[in-house]
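Participant: curious how this folds, go ahead:
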Amino acid sequence: MSELQINPPLTQADFAERQTALSQKISDLKHELSEISVKIRGLEDRNGEIRKSILSSNIELLDLETEFDLSRCESIISTLKTCQEKLHKFDIVCAQISQIREERQKYLLHDAALEKDLNDYLTFAAQAKAFINMLPLNNYRQSLEDAHQKMEQRVSPLINLDEHEKSLLAEYRLDIQIYIARNISDNIVKWILPVHLLELVAQDETKNGIAIDLFNTLIYVETEPDWHITASYQEEWCGFFVYSIKGESGGEKGLVQMTKDLILGLQPRSLPDIHPSININVEEIPWNTCLIGIGRSKVRSEIITTEMQETDVIEKGIVDSSGLFTQRDVVSWERPLKTSTKSNWSVSGRRLRTLLMRLIAKGNVGTNGIAEDTLWRGLPETHLKLIKDAVPILVEHGLLTRLEIKGQETMQVSINPSMLTEVQGLINRDITAFWEGLIR
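Facilitator: The predicted structure follows:
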């Protein structure tokens with residue numbers, strides 16, 4: 001049997017040495033932990049700063065994209081106005097030609113033989129020199145020249161009118177600019193024409209004949225064999241007429257080329273025998289640019305539709321500028337919502353998105369709060385109540401934080417830094433599970 005080995009007793013010196021070593025180790029680890037905690041707090045602060053910076057950059061990007069779309073809209077509007085003016089000039093030319101032909105007809109009604117005499121004159125004039133040189137004697141030649149001059153005096157009113165008509169047509173080329181936008185996922189196509197909607201509504205062919213003809217030519221797209229169209233409707237884009245269809249095309253011909261082919265067949269109904277020289281340019285624009293212009297028109301039409309609606313906007317829709325929001329915000333919230341059936345986007349989402357964008361822009365995140373009543377101050381009654389009711393819910397869900405400031409009776413609120421990801425999601429219209437119940 002082996003003997004039981006017993007460790008030598010721990011001496012006071014050994015105990016003190018090991019105790020000191022362990023104590024030092026613990027102290028070093030605590031110090032390291034403290035340094036790590038400081039670094040973590042610094043990283044958390046930096047994390048919050050980066051998230052805020054990302055949000056601010058996203059908002060700047062959205063603003064930049066909107067500014068670019070708006071500037072593009074202005075450029076398109078300018079081009080359409082120029083084209084519209086040219087269409088009006090063409091209508092003026094057509095009216096002048098009609099007047100010329102009426103005057104010509106009056107001459108013929110008064111003297112039916114004028115048309116035949118004009119044809120004889122023109123036939124002789126084309127070969128007058130050869131005819132005259134064939135005559136043997138000068139007196140015969142002189143008699144023929146005298147007769148030709150008398151005939152010229154007789155038919156000169158018709159000659160002058162015909163030359164005037166030719167000069168009008170020779171000077172003019174029909175320039176047409178059309179813009180196309182399409183939403184491929186929803187099978188929607190929109191054509192923006194250089195024609196004011198009111199011109200088509202008025203149906204005044206004496207002033208807007210070519211505009212009406214342009215529209216009537218374009219709608220032949222509905223007869224294209226490669227298109228299966230389920231709906232067509234009319235809209236307004238910054239005052240200009242929009243022809244919209246919903247449908248699918250199984251053909252190989254591109255949308256731009258199909259449009260050109262249709263318009264090249266344009267024939268003015270006021271003067272069916274005239275075939276004007278047509279220069280057509282068809283340009284496809286981004287869908288968002290198209291929607292911005294349509295949105296502008298809807299806001300305009302909502303305000304001016306009736307005097308009652310206009311009064312309501314003036315009396316009930318005024319926004320106090322001391323709050324976060326503007327009159328434009330309220331108008332955009334009340335704009336008709338156009339989303340797909342699968343979308344969870346809502347008017348409530350619009351309001352909350354605007355609210356969060358304003359708070360981010362003012363830097364109301366973390367400890368930098370804003371008076372709670374500022375969130376709904378100055379809003380029309382309906383929106384005021386909805387924002388006011390939404391704030392406690394956002395606080396309850398941890399998105400907003402209430403701050404109690406010494407010396408101030410009014411509670412302040414700010415965005416919870418830990419919820420910046422959800423804030424960014426709503427700003428980008430990304431409806432996560434967090435937002436689904438809140439924006440319905």
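
Participant: if I pick D120, what's in contact with it?
Facilitator: With contact taken as C-beta atoms under 8 Å, 6 or more residues apart in numbering, D120 is in contact with M151. Where you see a C-beta, it was placed from the backbone N, CA and C, and this is true even at glycine.

Participant: that one: which element?
Facilitator: Using DSSP states H and E, D120 falls within helix 114-126.

Participant: what segments of this structure are helices?
Facilitator: 12-110, 114-126, 128-134, 138-171, 197-202, 205-218, 255-263, 287-304, 307-316, 327-333, 347-362, 381-396, 420-427, 433-436 (DSSP state H).

Participant: pLDDT of the shortest one, averaged?
Facilitator: The average of the pLDDT scores along helix 433-436 is 86.

Participant: ok, the fifth one next?
Facilitator: Per-residue pLDDT over helix 197-202 has a mean of 56.

Participant: please apply the same query to the third one.
Facilitator: Across helix 128-134, pLDDT averages out at 61.

Participant: can you add distance to Y243 and give the helices of the chain back as JSON lines?
Facilitator: Shown next, in JSON lines, are the helices of the chain (distance: least, C-beta to C-beta, whole Å):
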{"stretch": "helix 12-110", "distance to Y243": "14"}
{"stretch": "helix 114-126", "distance to Y243": "43"}
{"stretch": "helix 128-134", "distance to Y243": "54"}
{"stretch": "helix 138-171", "distance to Y243": "29"}
{"stretch": "helix 197-202", "distance to Y243": "10"}
{"stretch": "helix 205-218", "distance to Y243": "6"}
{"stretch": "helix 255-263", "distance to Y243": "11"}
{"stretch": "helix 287-304", "distance to Y243": "12"}
{"stretch": "helix 307-316", "distance to Y243": "26"}
{"stretch": "helix 327-333", "distance to Y243": "26"}
{"stretch": "helix 347-362", "distance to Y243": "28"}
{"stretch": "helix 381-396", "distance to Y243": "35"}
{"stretch": "helix 420-427", "distance to Y243": "34"}
{"stretch": "helix 433-436", "distance to Y243": "37"}
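
Participant: and the ones you listed, which one is worst for confidence?
Facilitator: helix 307-316 (a mean of 35).

Participant: I'd guessed L356 sits against N428; true?
Facilitator: No. Using C-beta atoms under 8 Å, L356 is not in contact with N428; the gap is 11.1 Å.

Participant: these two: who's more crowded?
Facilitator: L356 (24 against 12; other C-beta atoms under 10 Å).

Participant: which non-adjacent residue is nearest that one?
Facilitator: V423 (5.2 Å; C-beta to C-beta, 6 or more residues apart in numbering).

Participant: residues in contact with that neighbour?
Facilitator: Taking C-beta under 8 Å, 6+ apart, one finds 55, 356, 360, 399, 415 in contact with V423.

Participant: among those residues, which two are most distant?
Facilitator: Spatially, the most separated pair among the contacts of V423 is L55 and L399, at 13.5 Å (C-beta to C-beta).

Participant: doesn't Y243 make contact with I219?
Facilitator: Yes. The pair I219 and Y243 passes the contact test of C-beta under 8 Å, sitting 6.7 Å apart.

Participant: between those two, what contacts are shared?
Facilitator: Residues within reach of I219 and of Y243 at once, by C-beta under 8 Å, 6+ apart, are S232.

Participant: who's more crowded, these two?
Facilitator: Legend: neighbour count by other C-beta under 10 Å for I219 and Y243, higher for Y243 (21 against 13).
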